[in-house]
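> based on what follows, work out the 3D shape:
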Amino acid sequence: MPVTLRDEQLWFAGAVMTGAALDEADRRLTAGPRLGPRERLDVYRRGYESRLVECLADDYPILKVALGDGPFDSLCRAYIARFPSVAPNLNAYGRHMPEMCGGFEADLARLEWAIVEVIHEPSRAPMTMESLATVPEETWPGAHLVASQALRLLTLEYPANDYFQAVRDGHAPAIPGPGASATVVYRSGLTVWRMGLTPPMRRVLAALVAGEPLEASLSLAEGEPPEQVTAWFREWMSSGLFVAVEPG
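Numbering: from 1, shown residues only. As a prediction, the model looks like this:
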């Protein structure tokens, strides 16, 4: 059976992306003035791998700081071997990085990937306290909010956001030990923000984001002063975390 152009393209893609059937290079490729068939193929393989390492470094700059250049480079090459690129663009390529890490590094990767996702999510105009005031008083207890798509709420086992911010501020913090934390990552306009949350804040916000009724969600503050809960709620609204309210 004759070899088709599709056959050649599939072999070349596999050889570049996964190293499959490299022993066929001498048969499928010609030599150049200076390089043999295998050496010519290696130019593409190295370029492909280097581009993906650049992509991962762009998505995970703070993880790179935490690990150091050499270990991060090794992690990226192990990632590429396990997860070859299969999409026409690289927007979602780094999504599996938390699976490749453990402990603090996994939480840091989750935080950085949440930032990437929020950047690429569509957004709607945020709702305001004024629009919330239009909800009839009798439907308030059962009303629920619609969260922005450009929002991720993370519950972590390490203080990844504190470390992230310290690096951004130009410090060289030590890798932290375990310590539960929660962070909401969201986009307002063209800017991505991160907000640390106390346990009561996380409980209330998680319920609101999940679409639970307003009255039940706000009751999860568990003993916090009402004025404090109101302040949280106003900050979340003014930050654009929610885009609509639906009556109960």
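
> what is the helix ranked longest in the chain packed up against?
When the chain is parsed with DSSP state H, its longest helix is helix 37-59. Counting contacts by 3 or more Cβ pairs under 8 Å, 6 or more residues apart in numbering; DSSP states H and E, helix 37-59 is packed against helix 5-18, helix 25-28, helix 69-82, helix 103-120. Backbone N, C-alpha and C define where each C-beta goes, glycine included.

> for residue 134, find the nearest of those helices.
helix 103-120 (28.0 Å; Cβ to Cβ).

> can I get the CA coordinates of that closest one in PDB?
Only the C-alpha atoms of helix 103-120 are listed here, as PDB (Å, rounded to 0.1, in the frame of the first residue of the first chain):
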ATOM      1  CA  GLY A 103       2.000  19.500  48.500                       C
ATOM      2  CA  PHE A 104       2.500  23.300  48.400                       C
ATOM      3  CA  GLU A 105       3.500  23.200  44.700                       C
ATOM      4  CA  ALA A 106       0.200  21.600  43.700                       C
ATOM      5  CA  ASP A 107      -1.700  24.300  45.500                       C
ATOM      6  CA  LEU A 108       0.400  27.000  43.900                       C
ATOM      7  CA  ALA A 109      -0.200  25.500  40.500                       C
ATOM      8  CA  ARG A 110      -4.000  25.400  41.200                       C
ATOM      9  CA  LEU A 111      -3.900  29.100  42.100                       C
ATOM     10  CA  GLU A 112      -1.900  30.000  38.900                       C
ATOM     11  CA  TRP A 113      -4.100  27.900  36.700                       C
ATOM     12  CA  ALA A 114      -7.200  29.600  38.200                       C
ATOM     13  CA  ILE A 115      -5.700  32.900  37.000                       C
ATOM     14  CA  VAL A 116      -5.200  31.500  33.500                       C
ATOM     15  CA  GLU A 117      -8.800  30.300  33.400                       C
ATOM     16  CA  VAL A 118     -10.200  33.500  34.600                       C
ATOM     17  CA  ILE A 119      -8.200  35.400  31.900                       C
ATOM     18  CA  HIS A 120      -9.800  33.400  29.200                       C
END
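
> buried sites along it?
Residues of helix 103-120 classed as buried: 104-118 (neighbour count, 16 or more other Cβ atoms under 10 Å).

> residue 167 belongs to a strand?
No - using DSSP: H, G, I helix; E, B strand; the rest coil, the assignment for residue 167 is helix, not a strand.

> thinking again about what came up before, so the longest helix of the chain versus helix 5-18, what angle?
60 degrees (axes from the mean of the first three to the mean of the last three Cα atoms, to 10 degrees).

> pLDDT of helix 37-59, averaged?
Regarding helix 37-59, the rounded mean pLDDT is 86.

> wait, isn't residue 16 in contact with residue 45?
Yes - with contact defined as Cβ atoms under 8 Å, residue 16 counts as touching residue 45 (5.3 Å).

> so the two - more neighbours on which side?
residue 16 (20 against 16; other Cβ atoms under 10 Å).

> gap between that one and residue 48?
5 Å (Cβ to Cβ, to the nearest Å).

> likewise for residue 145?
44 Å.

> same check, this time on residue 110
Distance from residue 110 to residue 48, by Cβ to Cβ: 27 Å.

> where does this protein dip in pLDDT?
1, 21 (pLDDT under 70).

> domains for it, by residue range?
If you go by automatic domain parsing, the domain ranges for the chain are 1-100, 105-248.

> out of the buried residues of helix 103-120, the closest to residue 180 would be?
Out of the buried residues of helix 103-120, the member with the shortest distance to residue 180 (by Cβ to Cβ) is residue 107, at 10.3 Å.
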